[in-house]
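**Q** Okay, here's the prediction I keep looking at, along with the sequence it came from:
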Amino acid sequence: MPVCQTDIENFLRLAETNPVFDVRSPGEYTHAHIPGAHSLPIFSDEERKAIGTTYKQSSREKAIKEGLEFFGSRMKDLVEQAEAALRQELSNKKGGQKPKLLIHCWRGGMRSNAVAWLLDLYGFECYLLEGGYKSYRNLALQQFEKPIDLQLLGGYTGSGKTEVLEQLSAKGLPIIDLEKIAKHRGSAFGGIGQPEQPSQEMFENLLALELMQLSTQDTMFPVWVEDESQRIGKLNIPHAFWKIMRESPVHFLDIPFEERLKHILSGYQNLDKESLAEAITRIAKRLGPLETKTALAHLAENDFKSCFDILLQYYDKTYRKSLLNRENTDELLNKIPCLSVDTYANIEKLDICRLQSK
């Protein structure tokens, strides 16, 4: 069966039920890839660099011959790796047709064509992505420019916004959890206990895929997103999407300070003290020398309540400035008085039915 070429839109539709194989080098894949793709490198990072050097310093023909040496010795491994990934895919499914293999490299050039030829020869039905990974990147960047009906969930630190978002999702409402995608909870303490953050490019790829999936859903409901600063850990929310966020309604859960402090303590006081101290030190310039020294002293004495009392006051001040520093704040801001950090009670106060009917 001949290898089929397909555009990015159809490629992503096929990817919903078929495995994607990224044949770029491990370094390229690790930096960023199409979410869900398997890494099936035709060359190592060192081999790719050597071939590129030969291409620049000698000729295209010599570079191809050098690549063929590496490729020839790896043919069997590539087939077996594809089979192993396919078995895993099949084990996650019940019945259905035999999957197609979706293959791409950087631009849809020789690397993906070579692997597709090999796997087609072996007996797989293969589809090549026209334009390669670059076509996905271009499509991803376009998503941030598209209009979208966002409803922002606001509230000072410790308001339980993540839990509210999760419950909204459980109710079947569309959400985007930016902190989950970024693998970071947003403050200087947000990376403690979290896995390593993705690269900026990978963060954008993941966010773009969620936006694409939401755009294909048969729903007119608004999408709920937490009101974030533009920076989450080391990552930045794409500017175009951030601009839409700043122009969207903010439903602010107005919860008393002491209630939020109790909620913060229930999670953070069990974290590693050394990591907490390092996080406090990172914000020392903004927190102030006296407050930093006092917070660290309380932490050393295991007085978490006094320590986080200082920190929460600092974050309240920071968030308040960000909340009010937007155009048409009076029109966008909807303050919702809440007695405590109670997910279910506070969702009722959001009046979801009224918002959906608009």
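**A** Received the coordinates, thanks. Numbering: from 1, shown residues only.
**Q** hey, which helix is longest across the chain?
**A** Assignment by DSSP state H gives helix 60-91 as the longest helix of the chain.
**Q** quick one: furthest residue from the center of this protein?
**A** When each C-alpha in the chain is compared with the mean C-alpha position (C-alpha atoms, centre = their mean), S58 comes out farthest, at 40.9 Å.
**Q** and that one, what does it touch?
**A** Going by C-beta atoms under 8 Å, 6 or more residues apart in numbering, S58 touches no other residue. For the C-beta atoms, the positions are set from N, CA and C on the backbone; glycine is no exception.
**Q** which strands and helices sit next to the helix or strand hosting K49?
**A** Here K49 sits within helix 45-57, counting by DSSP states H and E. With contacts taken as 3 or more C-beta pairs under 8 Å, 6 or more residues apart in numbering; DSSP states H and E, helix 45-57 sits against helix 26-31, helix 60-91.
**Q** mind listing what's buried in the shortest one?
**A** By neighbour count, and taking 16 or more other C-beta atoms under 10 Å as the criterion, the buried residues in helix 26-31 are 28-29.
**Q** quick revisit: elements contacting the helix or strand that the longest helix of the chain is followed by?
**A** Next along the chain after helix 60-91, taking DSSP H and E as the criterion, comes strand 101-104. Other elements packing on strand 101-104 under the criterion 3+ C-beta pairs under 8 Å, 6+ apart are helix 8-15, strand 20-22, helix 110-122, strand 126-129, helix 132-143.
**Q** Note down every partner strand of the shortest one and its orientation.
**A** Put plainly, it is strand 20-22. strand 38-39 (parallel), strand 101-104 (parallel) (DSSP bridges).
**Q** What are the contacting residues of the shortest one?
**A** Strand 38-39 is contacted from outside by 19-22, 26, 29, 33, 85, using C-beta under 8 Å, 6+ apart.
**Q** just to revisit the earlier point, same for the longest helix of the chain, what does it pack against?
**A** helix 45-57, helix 110-122.
**Q** What is the last one packed up against?
**A** In other words, helix 110-122. By 3+ C-beta pairs under 8 Å, 6+ apart, helix 110-122 packs against helix 60-91, strand 101-104, strand 126-129.
**Q** Mean neighbour count and mean pLDDT for those - can I get that in TSV?
**A** Output for the helices and strands packed on helix 110-122, formatted as TSV (neighbours: other C-beta atoms under 10 Å; pLDDT from 0 to 100):
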stretch	mean neighbour count	mean pLDDT
helix 60-91	14	88
strand 101-104	28	96
strand 126-129	24	96
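**Q** The ones you listed: which one's closest to G52?
**A** The minimum distance between G52 and the helices and strands packed on helix 110-122 falls on helix 60-91, with 7.5 Å, by C-beta to C-beta.
**Q** Only the buried residues of whatever helix or strand S215 lives in, if you could.
**A** Element membership of S215 [criterion: DSSP H and E] is helix 200-216. Across helix 200-216, burial judged by 16+ other C-beta under 10 Å covers 202-212, 214.
**Q** who touches that helix?
**A** The contact list for helix 200-216 (C-beta under 8 Å, 6+ apart) reads 12, 31-35, 136-137, 139-141, 143-144, 146, 148, 174, 176, 178, 181-182, 197-198, 223, 234-238, 241.
**Q** what sits up against the helix or strand following it?
**A** Counting by DSSP H and E, the next helix or strand C-terminal to helix 200-216 is strand 223-226. Contacts with strand 223-226, where a contact means C-beta under 8 Å, 6+ apart, come from 148-154, 161-162, 165, 168, 173-179, 214, 245, 248.
**Q** Please identify the buried residues of strand 223-226?
**A** 223-226.
**Q** pLDDT weak spots in the chain?
**A** Scanning the chain for pLDDT under 70 picks out the ranges 1, 92-96, 218-220, 352-358.
**Q** can you count the residues close to the residue nearest to P238 when sequence neighbours are not counted?
**A** Once flanking residues are discounted, P238 sits nearest to F144: 4.3 Å by C-beta to C-beta, 6 or more residues apart in numbering. Burial of F144 is recorded as 19 neighbouring residues (other C-beta atoms under 10 Å).
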